[in-house]
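Enquirer: Mind folding the following:
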Amino acid sequence: MQKINIGFITVSDRASRGEYEDLGGPAMQVWLKNALKNDWNPVARVIEDEQSLIEQTLIELADEFKCGLILTTGGTGPAKRDVTPEATAAVCDKILDGFAEQMRAVSLKYVPTAILSRQIAGTRGSSLIINLPGKPSAIGECLEAIFPAVPYCVDLIEGPYLETNDDFIKGFRPKHAQKPSSTSSN
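Expert: Down below sits the predicted model:
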């Protein structure tokens, strides 16, 4: 069976120039390693806060690498260079507002500045794209809040079948949503 590709994009001028250690990208990957049973391949990028570059990278990971899930970190605040949500919206077929609403609601339990976050989520073809905050602890808090819905969402857009490690996070699928017979469990 072919490995599933999962995309990780860190949007940061300083990290892309090597002036700042990328903590968000590795935090997303560690979280997913704990969350998924699947054999998967990370496709990671660290790029500048440039809308056209973010758009190109999202398109590359969705269309060329066929990443069923693409997570971004950084560029979701109100600063002038924060353009990740605009880039994401520009390349998505559909925006899924519930993901953003839930992430902000959870983040508000920890910091009052969560209302400044503009992260969004949407689909491009068979890829689910989710913008996450930049701070590693906030990445974990947000993924914990939304990930139960991620595998079924990816099913609905005909992406790869994602199986969760139920001891870490339990994905929710309606009873009628059965595992494809061509997928084997490890």
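
Enquirer: From now on I want contacts and neighbour counts done on CA atoms only, so please keep to that.
Expert: OK.

Enquirer: what helix or strand is the residue nearest to the spatial centre of the chain on?
Expert: Nearest to the geometric centre of the chain sits Leu71, at 2.3 Å (C-alpha atoms, centre = their mean). Using DSSP states H and E, Leu71 sits in strand 69-73.

Enquirer: in the chain, which helix or strand is least confident?
Expert: helix 13-16 (a mean of 94; mean pLDDT, DSSP states H and E).

Enquirer: before we move on, back to that, ok, so what distance separates the residue nearest to the centre of the chain from Pro112?
Expert: 24 Å (C-alpha to C-alpha, to the nearest Å).

Enquirer: follow-up on the earlier one: any residues touching the least confident helix or strand of the chain, and which ones?
Expert: Under the contact criterion C-alpha atoms under 8 Å, 6 or more residues apart in numbering, helix 13-16 has outside partners 20-22, 46-49.

Enquirer: Whichever of the residues you listed end up buried, select them in PyMOL.
Expert: Applying 16 or more other C-alpha atoms under 10 Å to those leaves a buried subset, and the PyMOL line that selects it is:
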select buried, resi 22+46+47+48+49
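
Enquirer: Flag every buried residue along the least confident helix or strand of the chain.
Expert: For helix 13-16, by 16+ other C-alpha under 10 Å, it's 13, 15-16.

Enquirer: what's the next secondary structure element after it?
Expert: Heading towards the C-terminus - elements assigned by DSSP H and E - helix 13-16 is followed by helix 24-35.

Enquirer: quick one: the strands in this protein?
Expert: 4-11, 40-47, 69-73, 94-95, 121-124, 127-132 (DSSP state E).

Enquirer: Between those strands, which one is closest to Glu101.
Expert: With respect to Glu101, and counting by C-alpha to C-alpha, the nearest of the strands of the chain is strand 121-124 at 10.0 Å.

Enquirer: and the closest one, what other elements does it pack with?
Expert: helix 84-91, strand 94-95, helix 97-107, strand 127-132 (3 or more C-alpha pairs under 8 Å, 6 or more residues apart in numbering; DSSP states H and E).

Enquirer: The same query, at a cut-off of 6 Å, please.
Expert: strand 94-95, strand 127-132 (3 or more C-alpha pairs under 6 Å, 6 or more residues apart in numbering; DSSP states H and E).

Enquirer: For the protein, give me the ranges with low pLDDT.
Expert: 1-2, 181-186 (pLDDT under 70).

Enquirer: one more time with 50
Expert: Per-residue confidence for the chain (pLDDT under 50) gives these ranges: 183-186.

Enquirer: show me the contacts for the residue nearest to Thr164 when sequence neighbours are not counted.
Expert: Take Thr164 and drop its neighbours on the chain: the residue closest to it by C-alpha to C-alpha, 6 or more residues apart in numbering is Leu36, 4.4 Å away. Contact analysis of Leu36 by C-alpha atoms under 6 Å, 6 or more residues apart in numbering lists 163-165.

Enquirer: do Lys170 as well
Expert: Contacts of Lys170 (C-alpha under 6 Å, 6+ apart): 148, 164.

Enquirer: I'm done for today, thanks for sticking with me.
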